[in-house]
Structure formats: structure tokens, C-alpha cells
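> Quick one, structure for this:
(2 chains)
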2 protein chains.
Amino acid sequence: MEYRFSDKLAALKPSAIREIFKSLTDPSIIAFAAGNPAADSFPVAEMAEISDEIYRTMPVKALQYGTTEGYLPLRQAIAARQREKFGIGRLPEDGLGFSDSTIIVSGGNQGIELACKVFCNEGDAVIAEDPSFIGALNAFRSNGAVTLGVPLLADGIDPAALEELLKREKRAKLLYLIPTFQNPAGITSTEENRRKVYALAAKYGIMILEDNPYGELRFAGDDVPTYKSMDTEGIVIYCSSFSKILSSGMRVGYVTAPEEVIQKLVVAKQVEDVHTNMFFQILVHKYMTERDFEGHIAEVRSIYRRKCGIMMDALDRYLPRELTFTRPQGGLFVWCTLPACIDMNEFVKEALARKVAVVPGSAFTPVAGAPCNSVRLSYSTATDDQIVTGARILGEVAEDLMKRA
Amino acid sequence: MEYRFSDKLAALKPSAIREIFKSLTDPSIIAFAAGNPAADSFPVAEMAEISDEIYRTMPVKALQYGTTEGYLPLRQAIAARQREKFGIGRLPEDGLGFSDSTIIVSGGNQGIELACKVFCNEGDAVIAEDPSFIGALNAFRSNGAVTLGVPLLADGIDPAALEELLKREKRAKLLYLIPTFQNPAGITSTEENRRKVYALAAKYGIMILEDNPYGELRFAGDDVPTYKSMDTEGIVIYCSSFSKILSSGMRVGYVTAPEEVIQKLVVAKQVEDVHTNMFFQILVHKYMTERDFEGHIAEVRSIYRRKCGIMMDALDRYLPRELTFTRPQGGLFVWCTLPACIDMNEFVKEALARKVAVVPGSAFTPVAGAPCNSVRLSYSTATDDQIVTGARILGEVAEDLMKRA
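The predicted structure is shown next:
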């Protein structure tokens, strides 16, 4: 049988970085390529206690079908916390002509994929920061959407280039942004940048899809308001998740968006997985409301503060000055840019040969084949010693390749 | 903001039966409308024990990101069991020019949705039994596919009508079938029917999407070979799940298909939810391999044997002879056809007014608005007493409406 796959899937190859991810199971390799949260960020003992309690007190609720929107007490707890803490979510009484609602999804990525399905016909376009998160770019492509890039500068996506593109590109339906501790670049856009970009989106009538999985992981500097907190027109779809603060393996995330948009997302989610794992929805709700949730997040932050600090010190010490890198205030990622005389693919290959895995930046370009001479490093899963050793090896690789050039 | 939704989602309304499902939370209503498994089919105590063991012995594996394909030991356990028990899954050494692989999905519905995404461009068609499962029909529509129906007869889908349609419909990419204990009709197609239909699919080069969530729930008669067990050309994608035998709320299902198809399904799944909840994948594996899995399934079967028997007896006793109904040999559903003098919508409405919820058959037609004068009944969640009372009330409703006619 010769299979006739759909055009959108025929074109979508398994991501180039999957091969590198497979190398992560080799314990002799230093895993700067991972996007995994640190294993010691999972509150195992407390999750075990709560699980035991769920089996004792509400097993049928936890094991039976639930509603697509998600477990109502969890939806309410998330909505209340993010309204109070981050100014996210409009109420009917705000009198803006729309109100927001929050639903549970099976990880933030599902929210992103659903938003594309709900807004994009095949051939429509999604605009993203260049570079951007490969999982989201492929989610857009899997729905037949075209991905377009706008350069990500030090203070956020380039507003002038964005406006040029919005003027020209009539089929652009979504503007996908990771404004805080961006993946892969580790950049947090400024409030001024965000206000400009929000105004452009409102002017050109494009929806902002705000992806904020790392927002809680700030370990330096001050919070910057989210796009969603600025949303007075009902044009922001906000995705976040518990993957980086409780457990990634449980697949529990959430989306906050105007009620009319949420209704469509629910219809689309219902036919994908009916609803998100009920047991862990209940577990997250109990963790949020009966345990020291804020204290736990503070602990997770301190893990990454330490790890990031170690990586910054080691990169400062070992990398030749021709290599530059971002200094994140939170999240998991560092973006390291090579001098023109080093070929990125050669650098990645040589580093892997010396047992350090990094991700080639070319994996993150919205337009395939766009030039990129950077690599993504993560400090989340390597041990403190490995971070130092890995940085030293990357420095040696860079020096060797520069000598050869 | 006036939202410009994608064509496929703009047309997709929340299913008409959702309103009825909402009534299921009212404990005074007899829930013949539910598709939920019986609550006493969940092995709560054993699941609690296994969960405790997972937290003690492998918490990081269970809470960290996993691979999109699923937890390898679970994939292997499923593949081995279904090969041994049901003849499902081809190996390279079978020499058929293809081999099958099994992946884990977040419930059987995800497998169905992914198959459509992988094979259908917008405007392509999926052929289904008429009536068919609404969740699957909407999954196809959510990907922009057109759904077409072929009558489901007492021994399976009508092969003559199917061939007519296959000749005519060049954009048909998938043939979606629920051959065993069909939802909603409760019909199991015969082996003879399946062999004819398989031959037609091979002749016209269309993929069979076989949905088999109820196959383990046979409580009378003999097993009929699945389409997948007949698959010598690599044209069958087989979806099943643990929802009806362990827990529906955990969302763990699986797909077995030729390796080349599986690779595309994995790419599509990766961008939807990255992977299925890891904790419950491990739990299911432990349940399958360390507990009396087959004994538990036998117990679940005996629950439905009893409930179905009670419903059959009560319908025989209380329904006027002008109403006919199917006599399932397994699964959860009975299809009850009304005489022409009773309007289906009026019957559903009047039954609900008297506190019995049934699903209007019109919800299950692949072509919206196609004529249908049947309703779906389920015996899975009502108590034994409720089944008898509910049947009596339905009989009274039918008699009253026939008198009025």
C-alpha cells in the first residue's frame, strides 16, 4: 500500500532535534539539549499523599469521564489566582464587552494546537518570533498553517518588522509569542515592547497567542505584565501549564481566553481527547488549595537560580569572547550565538562527539532554512558539576573550530 | 472583536447531546443517555496500591516528560497480548511487506482524530456507518473532512451501498467502522460482512479506521475476528482503549497500524499533547502484567451481562411491540427504533420530562439532517432498579404518544 498522507502531514518531518533528544537517555552525555524540568522540582511526597487521599475519598470522580472544560474547582482556583496575582482574566462586570474563561488542557502545547485549529484554515499564516518554540511551530504546520518569522531583538519581537508583515500578509490569523523567558532565546520582552505589539495586533485585527509556560520561574529582575493582563479588546489567548512547577509527565495545562473563543476551543478539544486526565486535575487542585503551592514555586525558582548562576559563571569563564549568550532572568534556556567563522552544525556535532548535547538553533526558525548561527543551552537537568564540565567542553570545541577556520 | 474562526470550527457546533449529558448530573434522572462505564468496573483498591508503589519506586519516570510513542513496556505488553489473543499486529518476519507498531494515545478518540489529520486534507471525505459515533464524526469535521454515511444493517455496513459510494467518491480517504458492539446501534457485524468490506477497501485503496473500544466487553456469543486481524495489505488503523475496562477518566488508549502510518501519527500527536499522562501509562502496565487483568475483564463483562439482561427483560415487558430494539452481545448500547407515528424528538423530550434521559438518534447521522427515528439507550450507569423503572416509563411515553398520533 502506498499511503496518501494529507499535505500538511506529508510535509511535516519528525523534528530534527528528536535525534539529539534520544541521546539524552545516554547518562554519559551532558544534557544541555533538554527542555525537561529539573527532577528535584517535583513534590513527590506530597503528590503521593494527595493521590492516596483521592483514592480514599473520591475515586469514581477521579477515574470516570469528566467534562471537556475540565474539573471546575481547578478552573476556578487557577482563574482566581491569576486574576489576583497577575491581573489576568476579565469579568463581565469589567464592562469590556467580553469576559474571559479558563479551561484545562493536556499541557500548554494542546492549547496552542487548538488555537491554531480554531482560527486557521489550511494556507492561513501564523506569525512567530524568530527563533521560536519548535513544538508550537510544528503544531501550526500540522494544521496546514504557514509559519512566518519576525526577528526577536533583545527587548522583544521587532515591532517595525512586525507591522510590515501585518500590512502585507492578509492571511495571518495568529501572532504567537513567548514573551517571558523565551524558548529558545531566554529573552524577556519589555513592557514597552509589549504595549507596542499589543497595539499593532489590535490595529490589524490579529489574535495574540501568548505562551507562558515559564512565567512562574523568575529568579531575577521584576515581573513584566503579560499580554493577557493588557487585554482590553478580547484578542489574547493565554496558555500556561503546571509542567515546569509540579510535573511535566502529568500533562496538565490551561488556557484563558474570551468566552466565545473558549467555546470553540472546547469543541475542538472534545474531539481530540474528550478531557484531560481527571485524577491529576483533582491532584493539582488539592495541591494548589491545600498545600504550600507558593512556597513550592519559590523553591523551584531557587533551583533554577542556582543552576543558571553556575552556567553563567562557567560560560563567562570558558567560552571564547567571540561567542555571545543571553543572560536569562528566569526559565530554562540560554541562547548562544557563534561567530561567523564557526559553522553551527559542525559545532553541535563536535560537541556531541565530546559528550555535550546542545540544540542547533536552525530547529527554531519559523521559515525552514532561514539563516541561524546560534545554539540553545539548558541548565535544567544537568548536575552542577556537569554544567561546569559542559561549559568547559563547549569552550574547547569553539576554540578548536576557530583555529581550524 | 469579531472573531474569524476557521471554516471547519465555525461550522462545528457543540454536540446536540451535550445538553442531555448535562442532565446526567441530576441524580433524579435515570441516565440511559450516558456512555460512561459502570463505576463499579474501576479496580480502585488495586490502582491505589500500584500508585503508591510508583511513587515509592519510580516517581521521576512517572512525573517527567516521556516519549510521544508512549511508555515502551506498556506498548510491548499491549502488542504481545493482542497478537496472542486476537491475532492483531504483523511482524517483519510475516513477510507481508509491512509491519505494525503500537503507540499509546490519550484515549481512543485521539487515535481517531489523529488518523483523520494524517490522511485528510480539508474537503476530503470519511465514510462511516449510519448511524455512527458522534465523537468520531465531529473529530473528522474538526479537521475539515466531510462525513458520509452508508446504512448499517443487522449484519454490518451495507457492502453494496458502500461499493457504490467508493466508486463515486474520489475524495474518500478513510472508512471509519465500529464493527463490534457498535456505538450507537449495539450491532456486531458478521465475519462474512467484514471480509467483504475488507476486500472492497483493498480494491478501492481506502484505509479502514477500526474503532474497537468495546471489544473486550463480550458477554454472549463468540468473538468475530477484527479487521486488523485480517489485515494483509497494511490498510487497517486499529484504535482501542482502557476506558471501558480500567478507567475512562485516566485517558489511556492505543493505536496499532503499519509502521509508516504510525510515524505520521506520532508526529501529529507530538504537537497535540507531547505524550499521554506518564503516571497512568506506568499504572496500566503494572496492572496488565502484575495483577489479574484477565480476571478483572471477566468481572467487568459479568457486570454488563447482568445489566443488559435486566434491560432486555424490562424492554420486552414494557415497550409496545411497535418499538423494536437491538439485542447486543456486549458493549454498552441498545438502539431502539420508534414507529413512524412517534416523532423522535418528541419522544426524547417527553421521556426527559418524566426523568429518563435517552439520546436522539439524529445525533449519530454522518450527514446532518438525515432521517432517523431511533434513540440510543445505555444500561451502563443506571442501577438495576432504575433500568426497570426507566424501561417502564419509556413504555408509557411510547403508549401516550401513539395514542395522541
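
> Tell me which residues of the helix or strand harbouring A:A48 come out buried.
Using DSSP states H and E, A:A48 falls within helix A:44-57. Residues of helix A:44-57 classed as buried: A:V44, A:E46, A:M47, A:A48, A:E49, A:I50, A:S51, A:I54, A:Y55 (neighbour count, 16 or more other CB atoms under 10 Å in any protein chain shown). C-beta: built from backbone N, CA, C; applies to glycine.

> for the residues you listed, which one is nearest B:M344?
A:I54 (40.6 Å; CB to CB).

> Please see if the helix holding A:A48 touches chain B.
Yes - Helix A:44-57 is in contact with chain B by CB under 8 Å from any CB of the partner chain, via A:V44, A:A45, A:M47, A:A48, A:S51, A:D52, A:Y55, A:R56.

> ok, now which ones touch the second one?
By that I understand A:A45. Residues in contact with A:A45 (CB atoms under 8 Å, 6 or more residues apart in numbering or on different chains) are B:Y55.

> Tell me the predicted confidence for it.
A:A45 carries a pLDDT value of 97.

> Give me the below-cutoff pLDDT ranges for chain A.
A:14-19, A:21-23 (pLDDT under 70).

> From the centroid of it, which residue is nearest?
Centroid check for chain A by CA atoms, centre = their mean gives A:P213 as the closest residue, at 4.9 Å.

> did I read that right, it in a helix?
No - A:P213 is assigned coil when assessed by DSSP: H, G, I helix; E, B strand; the rest coil, not a helix.

> Help me confirm that it comes into contact with A:G111.
No - taking contacts as CB atoms under 8 Å, A:P213 lies outside contact range of A:G111: 10.1 Å.

> Next, show the common contact partners of those two.
Residues touching both A:P213 and A:G111 by CB under 8 Å, 6+ apart: A:C239, A:G253.

> Following element in sequence after the biggest strand by length in chain A, please.
Longest strand in chain A by number of residues, with DSSP state E as the criterion: strand A:146-153. Helices and strands here follow DSSP H and E; after strand A:146-153, the next one along the chain is strand A:156-157.

> Give me the contacts around that next one.
Contacts of strand A:156-157 (CB under 8 Å, 6+ apart): A:E129, A:V150, A:P151, A:L177, A:P179, A:I187, A:S189, A:T190, A:N193, A:R194, A:V197.

> Just give me the closest of these to A:Y379.
Closest to A:Y379, out of all of the contacts of strand A:156-157 and judged by CB to CB, is A:I187, at 15.8 Å.

> what's around that closest one, how many residues?
Counted with other CB atoms under 10 Å in any protein chain shown, residues neighbouring A:I187 total 27.

> any idea whether it is helix, strand or coil?
coil.

> From A:L209, how far off is A:A145?
A:A145 sits at a distance of 11 Å from A:L209 (criterion: CB to CB, to the nearest Å).

> Show me whatever sits in contact with both of the two.
Common neighbours of A:A145 and A:L209 (CB under 8 Å, 6+ apart) are A:C116, A:V126, A:L174.

> which bits of the stretch 151-300 of chain A sit near chain B?
Looking at chain B, the residues of the stretch 151-300 of chain A close enough under CB under 8 Å from any CB are A:173, A:205, A:207, A:233-235, A:243, A:247-251, A:258, A:260-261, A:263-264, A:266-268, A:270-280.

> Just the buried ones from the residues you listed?
Using 16+ other CB under 10 Å, the buried ones in those are A:173, A:207, A:233-235, A:243, A:247-251, A:258, A:261, A:263-264, A:266-268, A:270-280.

> so of those, which ones are in helices?
Within these, residues falling in helices by DSSP state H are A:261, A:263-264, A:266-268, A:270-273, A:278-280.

> For my notes, please list the residues you listed in JSON lines and give distance to B:E290 for each entry.
What follows is those, written out as JSON lines (distance: CB to CB, whole Å):
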{"residue": "A:V261", "distance to B:E290": "45"}
{"residue": "A:Q263", "distance to B:E290": "43"}
{"residue": "A:K264", "distance to B:E290": "43"}
{"residue": "A:V266", "distance to B:E290": "37"}
{"residue": "A:V267", "distance to B:E290": "39"}
{"residue": "A:A268", "distance to B:E290": "38"}
{"residue": "A:Q270", "distance to B:E290": "34"}
{"residue": "A:V271", "distance to B:E290": "34"}
{"residue": "A:E272", "distance to B:E290": "31"}
{"residue": "A:D273", "distance to B:E290": "27"}
{"residue": "A:M278", "distance to B:E290": "24"}
{"residue": "A:F279", "distance to B:E290": "20"}
{"residue": "A:F280", "distance to B:E290": "22"}
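
> Tell me the one of the residues you listed nearest B:T289?
For these, the nearest to B:T289 is A:F279 (20.6 Å; CB to CB).

> May I ask you to confirm that the closest one is in contact with A:L63?
Yes - the pair A:F279 / A:L63 is scored as a contact, 6.8 Å apart, by CB under 8 Å.

> Could you tell me which residues touch both of the two?
Common contacts of A:F279 and A:L63 (CB under 8 Å, 6+ apart): B:G249, B:M250.

> Please parse chain A into its domains.
Each domain of chain A is listed here as a residue range: A:7-42+A:295-404, A:64-290, per automatic domain parsing.

> Can you give the distance of stretch A:229-239 from its chain's centre?
Put simply, stretch A:229-239 sits 18 Å off its chain's centre (CA atoms, centre = their mean, to the nearest Å).

> which residues are contacting it?
Contacts of stretch A:229-239 (CB under 8 Å, 6+ apart): A:86-88, A:90, A:96-98, A:100, A:105, A:108, A:111-112, A:115, A:194-195, A:198, A:201-202, A:205-213, A:226-228, A:253-258, A:260-261, B:1.

> how close does A:G108 sit to A:K196?
A:G108 sits 25 Å away from A:K196, taking CB to CB as the criterion.

> Settle it for me: which of the two has more neighbours?
The residue with more neighbours, out of A:G108 and A:K196, is A:G108; 28 against 19, by other CB under 10 Å.
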